[in-house]
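Visitor: fold the stuff below for me.
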Amino acid sequence: QELTNIQNTCVGVIAAFIESIILQPTIYWKNAKAQRLPFSINPRVVYRGTSASIFNECQMMGLQFGITSYFQNMLNYNNTNNNSSTSSYISDNRIDNLLSSALGGGITSIFTSPIELIMIQQQLKGTSFIETPIKIIKYHGVFHKGLFRGLSMNIARDSIYVMGMLGITPFVQDKLQTNYNMSLITSSFYASIIGGVFGALPSHPFDIVKTCMQGDLHQGLYKNVLQTIHTLWKQGGIQRIYSGCIWRTINIVGTVYIANECKIRLPYLLQMKSYS
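Guide: As a prediction, this is how the structure comes out:
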């Protein structure tokens, strides 16, 4: 809260760059599992589409941090003016932080969904970052059948995911430090696991529907949202709906930990705020 919206955006961009390099293989393995592709540890395969992934993660997490910060500042300012009770203010402040992070995730997904589709198509086709969107627009258009295919699932997924990262994680970390006297490092580790799991498990069905739809632009198997859910259920029920969940949960827990550490430590390292 002590950083400006622009500074929060910068912290998000730096965190995203770090995690996208380290955790890129888990993204490939998650997408491969969802689309029933063979498992691979070949760096040329698992790091295919990394340029799109880095671009997507940096603009996505930067926007998530910045937009969430904007809503937090706006809602917390209203609470400060409207609440005379300290306990009421604290309670409202926690709710506002959860709502702000969900809004930040949902709004950001409008910008990030096309980039994720490009990355998935790159991984499938092996085409370049420039060539891929040109072909998508040429053969499938821009909106619901093209670049923005799967947008509604992306909005639902990212609202939950960012709530876990920027809403649940700092709340849990504060509780661990206050109630259990944990250190900054230990509380950050455990809070990131809790926030990451919260962001991963409930949002995974939305993610796999989105991934399957974005991987099948020709709509040979996965047409619209309801038909995709029906098809996935026929393919294996709840196990199919949660296929790739382990890799995605690992990715999200790692992402949340890196993001949380950057949010705590980068302001000091970059001298964005003063410490007494």
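Visitor: please make it C-alpha for all contacts and neighbour counts, starting now.
Guide: Fine.
Visitor: quick one: the strands in this structure, in order.
Guide: Using DSSP state E, no strands are found in the chain.
Visitor: all helices of the stretch 1-150 of the chain, in order?
Guide: If you assign secondary structure with DSSP state H, counting those that start in this stretch, the helices in the stretch 1-150 of the chain sit at 5-34, 43-46, 50-82, 86-125, 131-140.
Visitor: including distance to Cys245, could the ones you listed go into CSV?
Guide: Formatted as CSV, the entries for those read as follows, by distance: least, CA to CA, whole Å:
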stretch, distance to Cys245
helix 5-34, 7
helix 43-46, 17
helix 50-82, 19
helix 86-125, 17
helix 131-140, 27
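Visitor: those helices: which one's closest to Ser188?
Guide: The stretch from the helices of the stretch 1-150 of the chain with the least distance to Ser188 (CA to CA) is helix 5-34; that distance is 14.9 Å.
Visitor: does anything pack onto the closest one? Which helices or strands?
Guide: helix 43-46, helix 50-82, helix 204-215, helix 245-269 (3 or more CA pairs under 8 Å, 6 or more residues apart in numbering; DSSP states H and E).
Visitor: turn the ones you listed into a markdown table, columns for mean neighbour count and mean pLDDT.
Guide: Below are the helices and strands packed on helix 5-34 laid out as a markdown table (neighbours: other CA atoms under 10 Å; pLDDT from 0 to 100):
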| stretch | mean neighbour count | mean pLDDT |
| --- | --- | --- |
| helix 43-46 | 13 | 88 |
| helix 50-82 | 21 | 84 |
| helix 204-215 | 24 | 94 |
| helix 245-269 | 20 | 91 |
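Visitor: please name whichever of the ones you listed is nearest to Phe189.
Guide: Relative to Phe189, the nearest member of the helices and strands packed on helix 5-34 by CA to CA is helix 245-269, separated by 6.6 Å.
Visitor: looking at the helices of the stretch 1-150 of the chain, which is nearest to Gln239?
Guide: Within those, the stretch nearest Gln239 is helix 5-34; the backing value is 10.9 Å (CA to CA).
Visitor: check which residues of the closest one are buried.
Guide: When neighbours are counted by 16 or more other CA atoms under 10 Å, the buried residues of helix 5-34 are found to be 5-20, 23-34.
Visitor: which residues of the protein score low on pLDDT?
Guide: The model of the chain has pLDDT under 70 over residues 1, 77-92, 270-276.
Visitor: for Trp233, find the nearest of the helices and strands packed on helix 5-34.
Guide: Proximity of these to Trp233 was assessed by CA to CA; the nearest stretch is helix 204-215, lying at 10.7 Å.
Visitor: now do that closest one against helix 86-125, angle only.
Guide: Here the directions of helix 204-215 and helix 86-125 differ by 30 degrees (axes from the mean of the first three to the mean of the last three CA atoms, to 10 degrees).
Visitor: need the helices and strands packed on helix 5-34 in a markdown table (columns: distance to Ile120).
Guide: Compiled in a markdown table, those are given as follows (distance: least, CA to CA, whole Å):
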| stretch | distance to Ile120 |
| --- | --- |
| helix 43-46 | 12 |
| helix 50-82 | 9 |
| helix 204-215 | 6 |
| helix 245-269 | 15 |
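Visitor: residue contacts, Leu63?
Guide: Listed by CA atoms under 8 Å, 6 or more residues apart in numbering, the contact partners of Leu63 are 9, 12, 104, 108.
Visitor: then Val13?
Guide: Residues near Val13 by CA under 8 Å, 6+ apart: 57-59, 61-62.
Visitor: of these, closest to Leu166?
Guide: When those are compared for distance to Leu166, the smallest value, 10.6 Å, is given by Met61; criterion: CA to CA.
Visitor: quick one, what contacts that closest one?
Guide: When contacts are counted by CA under 8 Å, 6+ apart, Met61 touches 9, 12-13, 15-16.
Visitor: distance-wise, check it relative to Thr255.
Guide: According to CA to CA, to the nearest Å, Met61 stands 10 Å off from Thr255.
Visitor: mutual contacts of these two, please.
Guide: Contacts common to Met61 and Thr255, judged by CA under 8 Å, 6+ apart, are Ala16.
Visitor: you'd agree Ser188 is up against Tyr257?
Guide: Yes - the pair Ser188 and Tyr257 passes the contact test of CA atoms under 8 Å, sitting 7.1 Å apart.
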